[in-house]
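1. Sequence and predicted structure are below.
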Amino acid sequence: MICSTVLILLSLTYSQAGPLKFESPTPPRYLSLRLNQSSFSYQIGISETSTWLNSAPIVFNAFGKTYSTADGTLKNVGVRRDNDIDRLGSYTSTEWLFSIELNTIVSATFKQYTSQNFVIFKQKFYNDTTGCSVHDSGSVISHFPAFQVAVTTPGPLGYLSYGGGQFASDYRLGTYQPGKLNIVSGLASGPFALLDQTGNAVIISPFSEFMSSSLHYSGSENSIRWGLLGEVDTVPAHFATEYIAFFGSMGINQAYADWGRLMREFYGKTSAYRDSDFTINYLGYYTDNGAYYYYRTENATMNYEQTLIDVQKYGEMQKLPYRYAQLDSWFYPKDNTTEGVITWVALPEVFPDGLEGLNQKTQWPLVAHNRYWSNLTTYAKQNGGDYDFIIQPPLAIPTEERFWDDLFRYSRTWGLAVYEQDWLGKEFDTLNATLTSARLGNNWLLQMGRAAQNNGLTIQYCMAESRDVLTSLQIPVVTQARASKDYHPGNDNWRLGVTSIFADSLGIAPFKDNFWSATYQPRNKYNLNEPNPGLIAAVATLSTGPVGPSDKIGFSDVELIMRSCNADGLILKPNKPAMAIDTRILELAFRDGIGPEGEVWSTYSMINDYYFRIILAADMNSSFSLLPSHIGSLSTFIMKNAHTTVDAIAPVPFTGHQQLNLTTACTKSNFCLYHTSMQFSLSDRKVIIYGEFSKWVPMSRNRVMSFTVGSNDIHLELQGAYMEIVTFLFFEDMNPVYVKCQIGDSGRATMSLADRACQQV
């Protein structure tokens, strides 16, 4: 069983619904920052009468001591006020300057912007400062901003704490109460959000120097503070870090979207590289952890070159349009102790003709995996190589951009298209050099990124911590990142609904990882079956990230895989990743039974300014009444397709307060998928466009370029592979109508509903 499919249809002619909005209570909501200079304290609320956050003391560690506003050891020596304008707009700043011994000046600055929905906090070291370390990489040497965990007004509040590896997939949610926080702290920490039950949210995150900034939660002191890494011992003069508190009033999804938009605009990161990344747009074959051919070939007498050539031949025979391949850590030499990389080249027993040979025989572009560098790496000058590395056994890290330039320039000759940097957290967290430096980690990723850009490559991050993905704001070619733990047959690495919110906000396509399209893969190394191939295939497509089957030759479910793409392998995906709806997030935080107890996500395709929405429901533990407002729609119809039997579809109203009952029948193995579409009034009939019913995304911009509605006809401009047969489903006065189309030489065709025909362009 694949899924239950439902079509939800807008009842308003030529109308579209905007984003989910909440009624603003009185007084109006905005981010309120209140300063008390006499006590050097501050408060944050969402109006002048509310208090969400009360400050904790400002602290700087230096010269082996702790200086704090709590005990007066951090001595105020002046206040500076200014009005200015920057890339974020006009602002008023208040800088509190403090003196510590040896005439060393530090400061804490508040930048309040006239938009009133965000504040920048800036901490600065005016002098070269030593002895800063608190000898704890999970802590911070400076506390600003810092807040007490206390009862708030009005309450209650919940929190969403992103953190951990694989794009913060170890996120935590709960209620914001003293002694009850379970947030991600230290090296694994990420953005932290407070939220109430009416759609208000305040997001706090680093705004600059992402690699050396951390959140630290102290349960004993009952406070959350942001600052420089706890093992940084020397801070150069004029070094500053910034942190942002951002307010949104239309739910956590919209707050993160707006926060991310501000961050991307400030750092100039556009969607250009993500939109054009070949591996995000086309079907690929994967060999990483969880794949059938992860550290194994087709049989004992075959090498990987022969295996991948046979994968390609099987795909061609079955009309599976794999357009590239991913190579994992099995292809290069590693040391026997740490499995760190010695030299990033193909092992001769793996690829006898080198990667150049594989590329020439398959013509596949390659996504190639790399991990942390061994202290034995042949590239380091210390080991006879040509490049500057810091070596701290058992690992090493390059410190000059020339290394990356040369590595990537050579790698382009054997077909490298995407450099997959895995184990990012281990490389950073293990080396003393990265933990004690204010700038080394940042330089490492920026050098890698510039070299990739100079050589026409894009980058996939894997096992990335929040500091890595925040730094990618400065690296245009980081287009994708793993947003889940490694895939293993039957595990839950498909749960991307919450991590995708964070990923998409930063302009990164979340990657689900590889998947098996069929339950049974004989003699697999994991000794497992995949119970939910339909769910994981759908999630891979709805993620907008790479879609990478990883089956054994001869054991692919071709029909299931082809629900993701056209005949040429182009992924038919939505505009944005499918993300957990706000009520799901609130349920995870407050556990009050108001939201769904199960995965409920939504996304959309937008064509001609009309929204074609998609809802996924799976692993439902109890029933949930979904309203149109939960997904941003106002007036719709529902049409249900039972297990993709199109003849069973029938329209059902879903408008205003009419609801869709998501029940426990929406499981992992029998997940439910819903679609929305417009209803158009022609001169003699009402028409609903369903789209390509054999695909996870019936109306995708990668299939439907545009459509026009006339007085008696609807024309759709379609694209696809040469000679591809495409069938679209419409409803005329609630009766199903099928129109079949064959794409022409140009890859384009125009479909006419009235003629029940298609004209090749």
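-> Noted; the coordinates are in hand. Please read all numbers here as calculations on a predicted model, not as lab measurements.
2. can we go C-alpha only for contacts and neighbour counts from here?
-> Fine.
3. And the helices in the stretch 51-200 of the chain, which stretches?
-> Ranges of helices in the stretch 51-200 of the chain, per DSSP state H, counting those that start in this stretch, are 165-168.
4. got the residue ranges for the strands in it?
-> Using DSSP state E, counting those that start in this stretch, the strands of the stretch 51-200 of the chain run over 53-55, 59-62, 65-68, 75-86, 89-100, 104-113, 118-125, 142-143, 146-148, 158-163, 172-175, 189-195.
5. do the stretch 251-400 of the chain as well
-> Counting by DSSP E, counting those that start in this stretch, the stretch 251-400 of the chain has these strands, from start to end: 325-327, 366-370, 373-374, 389-392, 395-398.
6. Which of these sits closest to Lys269?
-> Closest to Lys269 of the strands of the stretch 251-400 of the chain, according to Cα to Cα: strand 366-370, at 22.5 Å.
7. Contacts for the closest one next, please.
-> With contacts defined as Cα atoms under 8 Å, 6 or more residues apart in numbering, strand 366-370 is touched by 279, 324-329, 341, 344, 359, 415-422.
8. just checking, Ser32 touches Thr114?
-> No: using Cα atoms under 8 Å, Ser32 is not in contact with Thr114; the gap is 11.4 Å.
9. For Lys512, list the residues it contacts.
-> Lys512 is in contact with 482-484, 493-494, 496, 539-540, 543, 545-546, counting by Cα under 8 Å, 6+ apart.
10. If we use 6 Å, what do you get?
-> By Cα atoms under 6 Å, 6 or more residues apart in numbering, the contact set of Lys512 is 484, 540.
11. What distance do you get for it to Tyr42?
-> 41 Å (Cα to Cα, to the nearest Å).
12. One more: Phe671?
-> Relative to Tyr42, Phe671 is positioned 48 Å away (Cα to Cα).
13. Those two: who's more crowded?
-> Phe671 (25 against 19; other Cα atoms under 10 Å).
14. neighbours around the residue lying closest to Ala438 once chain neighbours are set aside, how many?
-> In this structure, Ala438 finds its nearest non-sequential neighbour in Ser212, 5.6 Å apart by Cα to Cα, 6 or more residues apart in numbering. Neighbours of Ser212 under the rule other Cα under 10 Å: 26.
15. ok, now the one 5 residues further on?
-> Using other Cα under 10 Å, the number of residues around Tyr217 comes to 26.
16. which SSE is the residue most central in space within the chain in?
-> For the chain, the residue lying nearest the average C-alpha position, counting by Cα atoms, centre = their mean, turns out to be Ala503 (2.0 Å). Element membership for Ala503 (DSSP states H and E) is helix 499-505.
17. What average pLDDT does that helix get?
-> Averaging pLDDT along helix 499-505 yields 98.
18. so how far is it from its chain's centroid?
-> 4 Å (Cα atoms, centre = their mean, to the nearest Å).
19. Using TSV, lay out the strands of the stretch 51-200 of the chain together with distance to His657, mean neighbour count and mean pLDDT.
-> Shown next, in TSV, are the strands of the stretch 51-200 of the chain (distance: least, Cα to Cα, whole Å; neighbours: other Cα atoms under 10 Å; pLDDT from 0 to 100):
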stretch	distance to His657	mean neighbour count	mean pLDDT
strand 53-55	36	20	97
strand 59-62	52	24	98
strand 65-68	54	18	98
strand 75-86	45	12	96
strand 89-100	41	18	96
strand 104-113	39	22	97
strand 118-125	34	22	98
strand 142-143	48	26	98
strand 146-148	41	22	97
strand 158-163	27	26	97
strand 172-175	29	21	97
strand 189-195	25	25	98
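20. In terms of neighbours, single out the busier of Ser32 and Thr114.
-> Using other Cα under 10 Å as the criterion, Ser32 and Thr114 rank with Ser32 on top: 21 against 13.
21. So which residues lie in contact with the helix holding Ala503, not counting its own?
-> Under Cα under 6 Å, 6+ apart, the answer for helix 499-505 is 169, 257, 260, 510, 579.
22. My guess is the last one contacts Trp601. True?
-> Meaning Met579. Yes: at 4.8 Å, Met579 counts as touching Trp601 under the criterion of Cα atoms under 6 Å.
23. Run through the residues that contact Val184.
-> So Val184 contacts Gly163 (Cα under 6 Å, 6+ apart).
24. run the last query once more with 8 Å
-> 161-164, 171-172, 190, 217.
25. Quick check: the gap between it and Val59.
-> 21 Å.
26. Need the pLDDT of Gly632.
-> pLDDT, Gly632: 85.
27. any idea how far it is from Thr499?
-> 20 Å.
28. what about the two, which has more around it?
-> Thr499 (23 against 18).
29. Thr544 and Leu572 touch, don't they?
-> No: if you go by Cα under 8 Å, Thr544 and Leu572 don't touch, sitting 9.0 Å apart.
30. Tell me how far stretch 424-437 lies from the chain's centre.
-> 23 Å.
31. same thing with stretch 342-360?
-> Its chain's C-alpha centre and that of stretch 342-360 lie 32 Å apart, by Cα atoms, centre = their mean.
32. Repeat that for stretch 583-603.
-> Distance, centroid of stretch 583-603 to centroid of chain: 19 Å (Cα atoms, centre = their mean).
33. Give the buried residues for it.
-> For stretch 583-603, the neighbour count (16 or more other Cα atoms under 10 Å) marks 583-591, 595-603 as buried.
34. The stretch 401-550 of the chain: helices as residue ranges?
-> Using DSSP H, counting those that start in this stretch, the helices of the stretch 401-550 of the chain run over 401-412, 424-430, 432-436, 440-454, 466-471, 499-505, 533-542.
35. For the shortest one, buried residues please.
-> The neighbour-count criterion (16+ other Cα under 10 Å) identifies 433-436 as the buried residues of helix 432-436.
36. just the CA coordinates of that helix, formatted as PDB?
-> The C-alpha trace of helix 432-436 is given here as PDB (Å, rounded to 0.1, in the frame of the first residue of the first chain):
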ATOM      1  CA  ASN A 432      42.000  22.000  20.000                       C
ATOM      2  CA  ALA A 433      43.000  24.600  17.300                       C
ATOM      3  CA  THR A 434      39.400  25.200  16.200                       C
ATOM      4  CA  LEU A 435      38.000  25.300  19.800                       C
ATOM      5  CA  THR A 436      40.600  27.800  21.000                       C
END
